[in-house]
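> sharing a sequence plus its predicted fold:
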Amino acid sequence: MNKREEIPFERKVLNVLNGQSYDRPPIWMMRQAGRYLPEYLKIRKQAGGFLNLCYTPDLAVEVTLQPIRRFKFDAAILFSDILVVPDAMGRNVRFVEGEGPRLDPITPDEINNLKNIDAIEHLNPVFETIEILREELPKEVTLLGFCGAPWTVATYMIAGKGTPDQAPARLFSYENETAFEKLLDKIAVFSASYLILQLQAGADAIQIFDSWAGVLSEKDFTKWCIKPVNKIVKLVRDVIPDARIIGFPKSAGLNYQSYRELTQVDCLGLDWSVPMSFARELQKSGAVQGNLDPMRLLAGGSALNEGVDDIIENLGNGPLIFNLGHGITPQTPIENVEQMIKRVRG
Ligand code: CP3
């Protein structure tokens with residue numbers, strides 16, 4: 001059960017999603033649990049495979065809590081991966097050390113064989129992880145669940161890996177449009193159920209990661225990003241009307257505007273290439289999250305301070321969740337993360 005209304009303490013990230021502004025914005029970091037933390041690397045070694053880490057609640061809870069203990073972020077993000085959805089739908093997903101995810105590229109015919117939501121119990125360890133997390137997290141920390149957007153998940157299912165501009169998925173969408181539409185629809189329906197169960201297990205809000213939104217033309221962006229994400233939003237709100245949702249269509253450029261209007265997400269995740277004047281426009285119609293270049297965080301020093309100040313100056317007067325414009329990279333020094341948090345909190 002989601003007992004959001006009865007909460008007597010401040011969950012600032014959740015409050016921003018409800019439209020509130022703060023003098024100093026709340027902060028969390030995409031990929032905040034991960035390889036830049038020595039304590040993560042230790043657990044990662046113990047767990048064996050990466051998916052094993054995702055599917056072992058005690059370990060997934062531990063690595064989710066690590067960055068909260070160390071940095072006191074305002075939000076915790078469930079430790080998992082966007083590719084657990086194709087894994088649950090019956091595709092073979094592996095994570096190869098030093099290379100990233102690998103899947104068997106799906107063919108148009110195989111789309112019919114994908115498992116439907118009856119297979120959601122494969123993800124029960126994720127729901128168990130969320131239940132334990134909500135018990136163990138400090139009450140004021142917002143707990144975020146997540147999934148990948150159908151377009152981004154499909155790009156990995158089709159290419160079998162990340163490619164520089166996801167050309168295989170774009171080609172597939174032109175050569176097999178009907179099958180492609182069916183694939184995205186199946187992922188959307190599955191993901192909506194997955195998110196509903198995350199919220200019911202205790203997540204306060206959810207983020208939909210569309211990491212490859214930036215490689216699509218305007219028309220294709222409407223068809224393959226906006227439409228399936230809006231379907232997820234509607235299906236989730238049919239069951240949980242006040243579900244709070246962050247959409248992150250990375251590198252969407254001017255398409256951020258139509259994404260804001262048509263998907264109905266509560267908050268836009270911005271990458272660092274979004275001009276500040278445009279970001280301020282977008283913020284007039286709701287909360288934004290972002291958008292520090294992770295390379296400024298890696299560089300540290302004045303490059304980091306200038307980046308932080310620019311975001312606070314431009315977006316600090318409206319509803320803002322401070323974050324990076326994409327995930328933190330493994331080489332980032334921990335002192336730089338501390339410097340960023342200190343600067344944001346003033
Ligand atoms: O943010 C968090 O701390 C929560 C956990 C999380 C992970 N992946 C853990 C992870 C989240 C939210 C994700 C999302 C994810 N996964 C995305 C969308 C966001 C983005 O970064 O664009 C994508 C595209 C994936 C798919 C994926 N998983 C890739 C491409 C890779 C390899 C590249 C890389 O960064 O290693 C992964 C592996 C992965 N997912 C790791 C972690 C901590 C590293 C695996 C390891 O420890 O060996």
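Arrived safely, thanks for sending.
> what about the closest residue to the ligand within the stretch 201-346 of the chain, how many neighbours?
Across the stretch 201-346 of the chain, the shortest distance to the ligand (CB to the nearest ligand atom) belongs to residue 211, at 3.2 Å. C-beta coordinates here come from the backbone N, C-alpha and C atoms, glycine included. Counted by other CB atoms under 10 Å, the residues lying close to residue 211 total 24.
> thought residue 152 was touching it, still the case?
Yes: counting by CB atoms under 8 Å, residue 211 does reach residue 152; the two are 5.0 Å apart.
> what pLDDT does residue 6 get?
Turning to residue 6, the model gives it a pLDDT of 60.
> what's the closest non-adjacent residue to residue 17?
residue 244 (4.2 Å; CB to CB, 6 or more residues apart in numbering).
> measure the one you found to residue 193 for me?
Distance, residue 244 to residue 193, using CB to CB, to the nearest Å: 18 Å.
> likewise residue 152?
Distance of residue 152 to residue 193, given as CB to CB: 18 Å.
> neighbour-wise, which of those two wins?
Set residue 152 next to residue 193 and count neighbours by other CB under 10 Å: residue 152 wins out with 26 against 17.
> next helix or strand past the host helix or strand of the more buried one?
Using DSSP states H and E, residue 152 maps to helix 150-159. Note on helix 150-159: by DSSP H and E, the next helix or strand toward the C-terminus is helix 167-175.
> please state the offset of that following helix from the chain centre?
Here helix 167-175 is found 24 Å from its chain centre; the criterion is CA atoms, centre = their mean, to the nearest Å.
> one more: stretch 294-304?
Relative to the centre of its chain, stretch 294-304 is centred 22 Å away, using CA atoms, centre = their mean.
> how about the residues of the stretch 51-200 of the chain near the ligand?
For the stretch 51-200 of the chain, the residues in contact with the ligand (CB under 6 Å from any ligand atom) are 77, 79-83, 95, 100-101, 146, 162.
> give me that answer again for 5 Å
Taking CB under 5 Å from any ligand atom as the contact definition, the stretch 51-200 of the chain meets the ligand at 77, 81-82, 100, 162.
> which of these sit farthest apart?
Within these, two members stand farthest from each other by CB to CB: 77 and 162, at 20.1 Å.
> those two - which one has more neighbours?
residue 77 (23 against 15).
> these two touch, right, that one and residue 209?
No: with contact defined as CB under 8 Å, residue 77 does not reach residue 209; the gap is 10.3 Å.
> which stretches of the stretch 151-300 of the chain form strands?
205-210, 245-249, 267-269, 287-292 (DSSP state E, counting those that start in this stretch).
> tabulate the ones you listed (CSV), appending distance to residue 129, mean pLDDT and mean neighbour count.
Below are these laid out as CSV (distance: least, CB to CB, whole Å; pLDDT from 0 to 100; neighbours: other CB atoms under 10 Å):
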stretch, distance to residue 129, mean pLDDT, mean neighbour count
strand 205-210, 14, 98, 26
strand 245-249, 19, 98, 27
strand 267-269, 22, 98, 27
strand 287-292, 23, 98, 26
